[in-house]
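*Asks:* build me a model from this:
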Amino acid sequence: MPTAYVYVYLEEGPVPAGILETTGTGREAGARFRYGRRYLQRKDRVAIDPIQLPLTSPDADREYITEEGFVLFNGIRDAAPDGWGRHLMERAAGAQPLSEFDYLVATGESRVGALAFGADLSGPRRMVPWIENEGAEDDIVGEDLDLTGMLEAVRELDTAENLPRKHRRFFLRGSSLGGARPKATTEYDGRQWIAKFGRADDRSPMCRVEYVTMRLAEQAGITVPPVRIEKVLDQDIYLIERFDRVPNDRGYRRVPFISGLTILGAHESESSQQSYRKLADQLRRLGSEPTEDTRQLWRRMVFNILCSNNDDHLRNHGFLWDGRGWRLSPAYDVVSFPQVGTERDLAIGVGRSGRRATIENALTDIASFGLSRSEGISIAEAMQQTVKANWEQLCGQKGFTKLEIDRLRTCFIACDEKIHDVNLTV
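*Replies:* Numbering: from 1, shown residues only. Below is the predicted model of the structure:
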């Protein structure tokens, strides 16, 4: 069965951490993993997955096996591409079917976090089954494309049977970033960024909508990375700085990353059954700054309610290793979505009324986030005022038309929700 060495980028560079072996096929597909003894002896070792692959003593020699329904361990699956990256790989592979293992090991250096994979102990190397001549350096070297080149490639992806040679590496390296929208990594102004592109069939200017939502989040007290909008070939490109790449004297340090699915040990199909409270519980268990991060998590939940971001599923919640424990990552993929009707839900649980997206529901579990009800009310009311006062102005600054602004208006009805200052019976 297909096997790969799993590497973790530590301060000195990529270090072999263990061996991943796939098992079975179809519904019986799964995986095994074993940490290397030398890795377990390191003082700076970090768990690839703190729930499904916890660290052991060097003498334990433990083999981990995926539970039923899991093709890969969550912490390893986080390093694989989602919708857009898979689309690229499938186009490059043609008629050749790809397995979860193929998607994982074929992803390039742009993958999120600090994991890498290789066929042996000589170091990380992409294992790409569909490339006939894997040694063609001009095809596979160069993780970064300029914005114009990336935009041209995106425009041709769904229209050209055979892309120009200059765009082939856009296919070959794939993408390790979540979501279905076109995106790629690039170095811009000496920093690593994720570039997102609009599509011809978008009803709204999605790049600018995401930019405005993230700027609103920042004004409302949410920790967000730097974001910007660039105009290339008369088209918007949204840029968000990568928080898992930190510049150093050797280029960039890669920061270990896991998703909300991983920190909860949950299956993808169970995402809607999870909740912000469960994420807060895990931050108290595994986090290095649980007080600060649980309060920030509650604030993010409230902001998602206020802006109607109902794409807050567990892959859109991230956690970074700081050397002592897991920290809530800066917010990402926070986008306002126009709604029909007045009742709405978030993607995961909010409070005692399940996923119901109201501030009152968010307040029902406020103690789980280290806040009193009066503190929660004060924070929520201030956030309401900030979002209500600024969303339309930000849209105007970014050139939204009146029609586009009117379409977004339904996103912000929770800004008018009346918050009742009453004590709830526990």
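*Asks:* which parts of the chain are helices?
*Replies:* Secondary structure of the chain by DSSP state H: the helices cover 37-40, 74-77, 83-93, 100-106, 137-140, 147-157, 168-172, 206-219, 260-264, 276-286, 290-307, 359-363, 373-397, 402-408.
*Asks:* so which of those helices gets nearest Trp321?
*Replies:* Between Trp321 and those, the shortest gap by CB to CB is with helix 276-286, which sits at 10.0 Å. The C-beta positions use only the backbone N, C-alpha and C, and glycine is treated the same way.
*Asks:* got the angle between that closest one and helix 290-307?
*Replies:* Here helix 276-286 runs at an angle of 160 degrees relative to helix 290-307 (axes from the mean of the first three to the mean of the last three CA atoms, to 10 degrees).
*Asks:* looking at the helices of the chain, which is nearest to Asp249?
*Replies:* Per CB to CB, nearest to Asp249 of the helices of the chain: helix 37-40, 24.7 Å.
*Asks:* for the closest one, what does the pLDDT average out to?
*Replies:* In this model, helix 37-40 has an average pLDDT of 97.
*Asks:* next, the buried residues of it.
*Replies:* If you call a residue buried by 16 or more other CB atoms under 10 Å, then helix 37-40 has these buried ones: 39-40.
*Asks:* which strands or helices does the longest strand anywhere in the chain pack on?
*Replies:* Using DSSP state E to define each element, the chain has its longest strand at strand 13-23. Helices and strands touching strand 13-23, as assessed by 3 or more CB pairs under 8 Å, 6 or more residues apart in numbering; DSSP states H and E, comprise strand 3-10, strand 30-35, helix 37-40.
*Asks:* can I get the shortest one as CSV, trimmed to CA atoms?
*Replies:* Taking C-alpha atoms only, helix 37-40 is exported to CSV below (Å, rounded to 0.1, in the frame of the first residue of the first chain):
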residue,chain,number,x,y,z
ARG,A,37,11.9,7.2,18.1
ARG,A,38,14.4,9.9,17.4
TYR,A,39,11.6,12.4,16.8
LEU,A,40,10.0,11.5,20.1
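*Asks:* before we move on, back to that, buried stuff in the longest strand of the chain?
*Replies:* So strand 13-23, judged by 16+ other CB under 10 Å, has buried residues 14-22.
*Asks:* tell me the angle of it relative to strand 3-10?
*Replies:* Going by the same axes, to 10 degrees, strand 13-23 makes 150 degrees with strand 3-10.
*Asks:* what's the local residue count around Lys278?
*Replies:* Neighbour count for Lys278, taken as other CB atoms under 10 Å: 18.
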